[in-house]
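Q: next input, structure requested:
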Amino acid sequence: MPHLIRYPRIIAHRCGGALAPENTLAGMRIAARLGCRGVEFDVALTADGVPILMHDATLERTTNGAGFLATKTAAEIACLDAGGKHHRAFAVEPAPTFQAALQTCAELGLWANVEIKPTPGTEAETGRVVANLVAGIGPGTVLLSSFSVLALQQALHVAPAIPRALLTETIPADWRDQLVAAGASALHTAASGITVDLIAPLCHSRIQLACYTVNDRATAATLFAAGVSAIFTDRLDLWMPEEM
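A: Sure thing, here's the model as predicted:
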């Protein structure tokens, strides 16, 4: 029987959704202030093997840095502004380490979906490093997810008690085989193109499904009615705390 994952129904995409710079502690604090109980964020490795919160393989989109993340040390990343491009009010907001993110989640009482986001060629290492840092965390507070089967396999080896979800762009026809290969208990997939007919086989097999990125209440209601466990959203303002 797969792990039963205790999802919050509404999960803040990349920490704070559209209300804060992505993958920052500021986003977590805003999500918590609004009553959100769960956040999602991406973790990748610096050149010296330190896990930090970053979605892209390059720095230009979200920071005032340039070049590839995998060529920068943690000390170099710590000097960057990861907030000013979102809004000047967040200027000098840093790209946090994974350890700082976990500590902040614990302080705020936030459930965390940690997406293992390896830069090319670091899939196994990133899976191991991330899993090592969450291995001792109590059940029900952290979920590991990834598009990388290899990263999830390494996470399973290091931290078997931490549940895992396979990320896909659609629900694949061989979803059962892919979940087994990844050692995953749940599937996370894009909401676009999802139908009740695609969702039903997973629900009947007691496989949990979460959908990204849902930014309207009507789509969320349809997905929940079909059996989806959770949604990831940029629009935290659409939900009241009691719905989260």
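
Q: which of the helices and strands in this structure ranks last by mean pLDDT?
A: For the chain, the helix or strand with the lowest mean confidence is helix 196-204, at a mean of 94 (criterion: mean pLDDT, DSSP states H and E).

Q: can you pull the buried residues of it?
A: Within helix 196-204, the residues that count as buried by 16 or more other C-beta atoms under 10 Å are 198-199, 202. Quick note: C-beta positions are derived from backbone N, CA and C, even for glycine.

Q: quick one: list the elements packing against the helix or strand just after that helix.
A: Proceeding C-terminally, helix 196-204 gives way to strand 208-212 as the next helix or strand, assigned by DSSP states H and E. In terms of contacts (3 or more C-beta pairs under 8 Å, 6 or more residues apart in numbering; DSSP states H and E), strand 208-212 is packed against strand 186-190, helix 196-204, strand 230-233.

Q: what strands flank strand 208-212, and is each parallel or antiparallel?
A: Applying DSSP bridges to the sheet, strand 208-212 is found paired with strand 186-190 (parallel), strand 230-233 (parallel).

Q: which residues touch the longest one?
A: Contact with strand 186-190 is made by 2-3, 5, 143, 145, 163-171, 175, 179, 202, 207-213, 229, 232, as judged by C-beta atoms under 8 Å, 6 or more residues apart in numbering.

Q: please indicate which of the residues you listed are buried?
A: By neighbour count, with 16+ other C-beta under 10 Å, those hold 3, 5, 143, 145, 163-167, 171, 175, 179, 202, 207-213, 229, 232 as buried.

Q: partners of the strand ranked longest in the chain, with directions?
A: Longest strand of the chain, by residue count under DSSP state E: strand 38-45. According to DSSP bridges, strand 38-45 forms sheet pairs with strand 10-12 (parallel), strand 51-53 (antiparallel), strand 111-116 (parallel).

Q: name the stretch among those strands that sits most buried.
A: Ranked by mean neighbour count under mean count of other C-beta atoms under 10 Å, those are led by strand 10-12, which reaches a mean of 29.
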